[in-house]
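K.L.:
This is the structure alone, sequence omitted:
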DNA sequence: TATGAAATACTTCGCCC
DNA sequence: GGGCGAAGTATTTCATA
């Protein structure tokens, strides 16, 4: 159904774990119609092969005082690979930057940035992002609300 | 240190679980310097309070044949709340749409969309996204590569 | 709240099908 | 490949301070 060596039961496992990453192996086994040992073997194989890359708890930013989420659209002067890479390495090291995607078209990078308030975001922008190597323009948009925020890909669950 | 009733040990717990959502409770307890029972009570309390909203396995899109990730910037004709809501409900129901954020400025929404190939993305665009209620413009950018993709917020880990 | 012990449940291995 | 049973851990509750 999908990539090499991934069958329908694996797809079900991926769907369940994408939906609830803390599900116990016995519950997972019950849901996909296996007993625990073969189910665990499949999960381990999916982790080994890289189909499952990691597990995360999702933390509510607002509960930790992060009231600001911003998308920053960045354009660079040069699109030479070495320049793209230098910019990437610069922003990847900033903890406020949660995501960094390189895009085609006029915008070279889109970043998702979190901050505790507008003031600390402005400081981040002027002292860390705009001075990054090779930057020619940064356009930012505040997130007003997020109505959907799912990880990964569509899977049957 | 952060929101109400969240102390430094809670912050450590959030950091560890954000980093590895499948960590066992005893390992978590060891890392934060508690024994298992009080550690578990704290985790349950963080889940109850909404500080931890969910747990997810991260699945590699490429391993499941999803080779395309696109950011779609959408502008609407009307920004009346009922129109914003109608658009949101439309796109939230589409499985290809993984994220939907409402922004300030000229772009009203930014969506993260996945697809198996360019052709199915084009079909999604013309048959599902562009015909959504109230849409006036949709600009899309293909993701060339993603160098950072962390959930949540900066936490000490 | 934290601890320690005890009951229950889960994980994981070896073996067989 | 999957299932069964057993051993080793982990989870979870409860009594206690």
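P.N.:
Received, thanks. Worth saying up front: this structure is predicted, and the values here are computed from it rather than measured.

K.L.:
so residue A:83 makes contact with residue A:76?
P.N.:
Yes. Counting by Cβ atoms under 8 Å, residue A:76 is a contact partner of residue A:83 at 6.2 Å. Quick note: C-beta positions are derived from backbone N, CA and C, even for glycine.

K.L.:
okay, these two: which has more neighbours?
P.N.:
Higher neighbour count among residue A:83 and residue A:76: residue A:76, with 20 against 15, using other Cβ atoms under 10 Å in any protein chain shown.

K.L.:
For the more buried one, name its beta-bridge partners.
P.N.:
Counting by DSSP bridges, residue A:76 is bridged to residue A:135.

K.L.:
Would you check that my belief about it contacting residue A:106 is correct?
P.N.:
No. Using Cβ under 8 Å as the test, residue A:76 is too far from residue A:106 to be in contact (10.7 Å).

K.L.:
Need the three-state assignment for residue A:107.
P.N.:
coil (DSSP: H, G, I helix; E, B strand; the rest coil).

K.L.:
Count the neighbours of it for me.
P.N.:
20.

K.L.:
Equivalent analysis for the one 3 residues further on, please.
P.N.:
Neighbourhood size, residue A:110 [other Cβ under 10 Å]: 22.

K.L.:
What of the one 5 residues further on?
P.N.:
Here the neighbour count serves as a burial measure; for residue A:115 (other Cβ under 10 Å) it reads 22.

K.L.:
Next up, the contacts around it.
P.N.:
Residue A:115 sits next to A:66, A:67, A:68, A:70, A:96, A:121, A:124 when contact means Cβ atoms under 8 Å, 6 or more residues apart in numbering or on different chains.

K.L.:
now, which of those lie within helices?
P.N.:
A:121, A:124 (DSSP state H).

K.L.:
ok, and of the contacts of residue A:115, which contact chain B?
P.N.:
Counting by Cβ under 8 Å from any Cβ of the partner chain, A:66, A:96 from these sit close to chain B.
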